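A.B. asks: Need coordinates for the following:
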Amino acid sequence: MRWILYILISIFFLFTSYGQYTDQINSNRPGASIGAFSVGKNVVQFEGGTEFRSYKHKSYNDSKVNANLFFLSVRYGLLSEKIEITYDGVYQFDKIENRLINPSVKSKRNGFLNNFLGIKYLVYDPFKKERKVNVYSWKANNGFKLRDLVPAVSITLGGNFIMEKENPFPYGNVFDELRKPLFFGIPRDDSIEPSFSGKGILATQSHFFGRWVFVTNFIYNRISTEFPEFSYILTLTHTINKYWSVYIETQDFSSDLYKDQIFRTGAAYLFNDDLQFEATFGTNTKNSPSIFFLNLGASYRLDFHKDVDPEFKLEEKLMKKEERMYKKGAKKAQKADKKRNKKARKKPNG
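C.D. replies: Take a look at the predicted model:
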């Protein structure tokens, strides 16, 4: 039971996933959190899928929304292993049933729930320094160490873009058209979301016991709008074997318009080094609205990364240094020869 205690201690003290290139795909899926590391320099990665989501709102006489969502993330490792450009979009098709009137009225809608473009930078990488392997002790290599609690840290900054003239889901609220000022004390016109707003994410990632990863995201969203939102995500992932992994996750939202707690769990299957499949289901803790969802997705990467052997890199560096020294010496010798020739020309014949 000692290992369970270690996990609990880690989660308690770390409200807190590799940035270097890895031989296998490094996906943010399944789950909603993002890892601290990038996909790797010159790697293009696609993470997408579909989700069924069902909402029911007690405060609106159990009005319902049944939705199909399509999500897509595109990640590109730019310039170095520490930098990643990210696009993240979620588009929703749904049918809303308004039960505030009798008989109820149904209507169809579609629009973006999320449309984000940003850049991630790996601030700190505790795995950069390679750790020595103890060939005599499995426990020494795989046991818990306090240094495992030190997470990798990254910052993502970017913006939300609203493409439609009239987004049916302002601030992510799928029941916005039913909302009355009476319920929130907020005029209806104030629910119009600006076409651009800022977003920042602080992500941490810890690895321990060889097969456990703990990720935290602290998110400040819709910056500069009337209703900015703070949320956090905690994700614990366990690798069962070389193909399968499972995870549990909790996400908390807090703003003047919406507060909620969402729980997710699911599994991922590594088909090969560049392709992963996943499945997730989840629910929330309230009935205004209640939410249930199920999604299926996949992650695929185009790997244009080129490894550089450290010894070759060092050798190349030394060769360049020697070449510079040779050119410098040759230039100096050439200058000395010119000087001698000049003196020889000036010397009178005897």
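A.B. asks: Sketch out the low-pLDDT regions of the stretch 51-200 of the chain for me.
C.D. replies: For the stretch 51-200 of the chain, applying pLDDT under 70 flags the ranges 129-148, 180-191.
A.B. asks: can you check the stretch 251-350 of the chain too?
C.D. replies: Where the stretch 251-350 of the chain drops to pLDDT under 70, the residues are 306-317, 320, 343-350.
A.B. asks: hey, what's residue 229 bridged with?
C.D. replies: With DSSP bridges as the criterion, residue 229 is bridged to residue 221.
A.B. asks: C-alpha coordinates for the strand ranked longest in the chain, CSV please?
C.D. replies: For the chain, the longest strand by residue count, based on DSSP state E, is strand 105-124. In CSV, the C-alpha atoms belonging to strand 105-124 read as follows (Å, rounded to 0.1, in the frame of the first residue of the first chain):
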residue,chain,number,x,y,z
VAL,A,105,-40.1,24.1,-29.4
LYS,A,106,-37.0,22.5,-31.0
SER,A,107,-34.5,24.2,-33.2
LYS,A,108,-31.1,23.4,-34.7
ARG,A,109,-27.9,25.4,-34.3
ASN,A,110,-24.2,25.2,-35.1
GLY,A,111,-21.1,27.2,-34.2
PHE,A,112,-17.7,27.2,-32.5
LEU,A,113,-17.4,26.4,-28.8
ASN,A,114,-13.7,27.0,-29.0
ASN,A,115,-11.3,28.5,-31.6
PHE,A,116,-7.9,29.1,-30.1
LEU,A,117,-4.4,29.9,-31.5
GLY,A,118,-1.4,30.1,-29.3
ILE,A,119,2.3,29.4,-28.6
LYS,A,120,3.7,27.2,-25.9
TYR,A,121,7.1,27.6,-24.3
LEU,A,122,8.8,25.1,-22.0
VAL,A,123,10.1,27.1,-19.1
TYR,A,124,11.7,24.3,-17.1
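A.B. asks: What are the buried residues along it?
C.D. replies: 109, 111, 112, 113, 114, 115, 116, 118, 120, 122 (16 or more other CB atoms under 10 Å). Using the backbone N, CA and C atoms, a C-beta is placed for each residue, glycine as well.
A.B. asks: Check stretch 207-216 too.
C.D. replies: Buried, per 16+ other CB under 10 Å, within stretch 207-216: 207, 208, 209, 212, 213, 214, 215, 216.
A.B. asks: Straight-line length of it, end to end?
C.D. replies: For stretch 207-216, the first and last residues are 12 Å from each other (CA to CA, to the nearest Å).
A.B. asks: and what of stretch 29-42?
C.D. replies: 20 Å.
A.B. asks: The buried residues of stretch 207-216 in strands, which ones?
C.D. replies: Per DSSP E, the buried residues of stretch 207-216 map to strands at 207, 208, 212, 213, 214, 215, 216.
A.B. asks: quick revisit: of the buried residues of stretch 207-216, closest to residue 72?
C.D. replies: Of all these, residue 72 sits closest to residue 215, with 20.8 Å by CB to CB.
A.B. asks: The closest one touches residue 237, doesn't it?
C.D. replies: Yes - counting by CB atoms under 8 Å, residue 215 does reach residue 237; the two are 7.4 Å apart.
A.B. asks: Chain neighbours aside, what residue packs nearest to residue 275?
C.D. replies: Residue nearest to residue 275 in three dimensions, not counting chain neighbours: residue 300, with 5.2 Å by CB to CB, 6 or more residues apart in numbering.
A.B. asks: Neighbours of the one you found, how many?
C.D. replies: By other CB atoms under 10 Å, the residues close to residue 300 number 17.
A.B. asks: I'd say residue 276 and residue 29 touch.
C.D. replies: Yes - with contacts counted by CB under 8 Å, residue 276 reaches residue 29, the gap being 7.3 Å.
A.B. asks: Need the residues touching each of these two.
C.D. replies: Residues touching both residue 276 and residue 29 (CB atoms under 8 Å, 6 or more residues apart in numbering): 268, 299.
A.B. asks: Who is the closest residue in space to residue 79 that isn't next to it in sequence paired with across the strands?
C.D. replies: The shortest distance from residue 79 to any non-neighbouring residue, by CB to CB, 6+ apart, is to residue 41 (7.1 Å). Here residue 41 sits in beta bridges with residue 77, as judged by DSSP bridges.
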